[in-house]
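S.K.: Using only what follows, build the 3D model:
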Amino acid sequence: MTEQKRRYFGTDGIRGRVGDGVITPEFVLKLGWAVGRVLANGGQNKVLIGKDTRISGYMFESALQAGLSAAGVDIYLLGPMPTPAIAYLTRTFHAQAGIVISASHNPYHDNGIKFFSGSGTKLPDSVELQIEAMLEQPLVTVDSAKLGKAHRVDDAAGRYIEFCKSTISSAIDLSPLKVVVDCAHGATYHVSPEVFKELGAEIVVMGASPDGLNINQNCGSTEPRLLQAAVLENEADLGVALDGDGDRLIMVDQKGELVDGDELLFIIARAQQRNGIGNSEVVGTLMSNLGLEHALTKSDLNLHRANVGDRYVIAKMQETGSRVGGESSGHIICLDKTTTGDGTVAALQVLAEMIETGHSLHELRTAISKYPQCLINVKVNKKVDLKSDQAVLAAVKNIEDKLGDEGRVLLRASGTEPVVRVMVEGRDATVTNALAKELASTIETILRA
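M.R.: As a prediction, the model looks like this:
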């Protein structure tokens, strides 16, 4: 199923502002029923539901529960849990699907619904197509004797904490480390600090007082400034910043400097190489820094670039046999540990490497020298094929010729806004910014013609 054929599903479920479009109780109830009908297939199967901490999660949890019950499917309620925890628990419960109520790193007034298959992976396109087709049918409730029953899973947090701890060697003791953990007032608030604490680390916790409205507000992986200050103030060894649903990770070293997804991907790939895990293939995205590619090459590792989006990263990982992949935003996937991006699990791999090598986070990151990037959004009022428009191609080639082997150019149409993203990357920041502005101006002129 191509993206254009989807009426409701995007690349990561269904997301939007609460009360607008399809992010309403009525639609979500119907969605729960449609999912139940497609997955139950005549039987009384079970589906897990988890959510982040935004206030609308309770409303949509009830709506999904009613729809699934009407379809004859049993429901297991996990409460507030990170997205990767729901993927893990869906597998261990042998459920037909897991449903996450979350808008990830978005503010509280947004929400969304995303799904995991019984194997803990994103639903196949074919299943999403079946769900969309079922949504067009009238809602018919099963006989009362066949209604789905609801169960609350009281030990979900404990199960996930033990899983996270199991992803590093039991011989690793984190007691030498002082860690500041920022949970973004999101779904990790009651699990991730416990993971680091139980493994011996001295922890300072922030962003762990959700009130339904403060998720991702001036905190977490998208706003790490307060974490940077806290690391310095507490003289900590590092800081860990998660996003609202716990699938992204940004770190801060002991100097208060940010360590982004590209640098974390490099550190974990090197750790896997040192431990003889997997092959030499690493997956990033079109936005991954050229410095990452060069650093991996020096370490005899190969970078493969996927389209932006975790489903594309995972597909490329499966194609290449890679055990680690990720995005600059901090969405890191360790396929030898789990099936989806997991900020807590990724952080543990970095902490384990610090303990095993005796290097600080700052020392581990110095092996990668990132190139300056300049990203400019050019507004458009019409669709244009960036890969075939001759004027666009000529403008790109002109900039590429000026960069030579010292940089690269990327044009990408946004999937959510009427803009073309113009990215230029090079060794010299001043030159890079000038070339990006030149290209953006040219592209704007071409698209307005």
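S.K.: how about residue 204, secondary structure?
M.R.: For residue 204, the assignment made with DSSP: H, G, I helix; E, B strand; the rest coil gives strand.
S.K.: residues near it, how many?
M.R.: 17 (other Cβ atoms under 10 Å). C-beta: built from backbone N, CA, C; applies to glycine.
S.K.: Same question for the one 5 residues further on.
M.R.: Residues within reach of residue 209, counting by other Cβ under 10 Å, total 11.
S.K.: State the distance from the nearest residue to it once chain neighbours are set aside to residue 12.
M.R.: Counting by Cβ to Cβ, 6 or more residues apart in numbering, the nearest residue to residue 209 once its immediate chain neighbours are dropped is residue 185, at 6.3 Å. Applying Cβ to Cβ, to the nearest Å, the value for residue 185 to residue 12 is 21 Å.
S.K.: For beta bridges, what are the partners of residue 374?
M.R.: residue 424 (DSSP bridges).
S.K.: Next up, the contacts around it.
M.R.: 423-425, 432-433, 435-437 (Cβ atoms under 8 Å, 6 or more residues apart in numbering).
S.K.: Likewise for residue 145?
M.R.: No contacts exist for residue 145 under Cβ under 8 Å, 6+ apart.
S.K.: pLDDT wise, what is it at?
M.R.: At residue 145, the predicted lDDT confidence score is 95.
S.K.: which SS state does the closest residue in space to residue 99 that isn't next to it in sequence fall under?
M.R.: For residue 99, the nearest residue in space outside its immediate sequence neighbours is residue 49; the separation is 4.8 Å by Cβ to Cβ, 6+ apart. On the three-state scheme (three-state DSSP), residue 49 is labelled strand.
S.K.: next one: residue 443
M.R.: Strictly by three-state DSSP, residue 443 counts as helix.
S.K.: Could you list the low-pLDDT ranges of this protein?
M.R.: Filtered on pLDDT under 70, the chain yields the residue ranges 1-5, 41-44, 415-416.
S.K.: quick one: contacts of stretch 323-332?
M.R.: Contacts of stretch 323-332 (Cβ under 8 Å, 6+ apart): 221, 243, 247-250, 260-262, 264-265, 268-269, 272, 277-279, 282-285, 287-289, 306, 308, 310, 313-314, 316-317, 333-336, 341-343, 346.
S.K.: can you rerun that using 6 Å?
M.R.: 221, 248-250, 260-262, 264-265, 268-269, 272, 277-278, 283, 285, 287-288, 310, 313, 317, 333-336, 341, 346 (Cβ atoms under 6 Å, 6 or more residues apart in numbering).
S.K.: Need phi/psi at residue 27.
M.R.: Main-chain torsions, residue 27, degrees, to the nearest 10: phi -70, psi -40.
S.K.: Could you report the neighbour count for it?
M.R.: Neighbours around residue 27, by other Cβ under 10 Å: 18.
S.K.: which residues does it contact?
M.R.: Taking Cβ under 6 Å, 6+ apart as the definition, residue 27 has no contacts.
S.K.: What are the phi and psi values at residue 288?
M.R.: Per degrees, to the nearest 10, the backbone of residue 288 is at phi -60, psi 140.
S.K.: and it, how many neighbours does it have?
M.R.: So residue 288, with other Cβ under 10 Å, has 26 neighbours.
S.K.: Going along the chain, name the strands of the stretch 151-300 of the chain.
M.R.: Secondary structure of the stretch 151-300 of the chain (DSSP state E, counting those that start in this stretch): strands at 178-182, 202-206, 238-242, 249-253, 258-259, 281-285.
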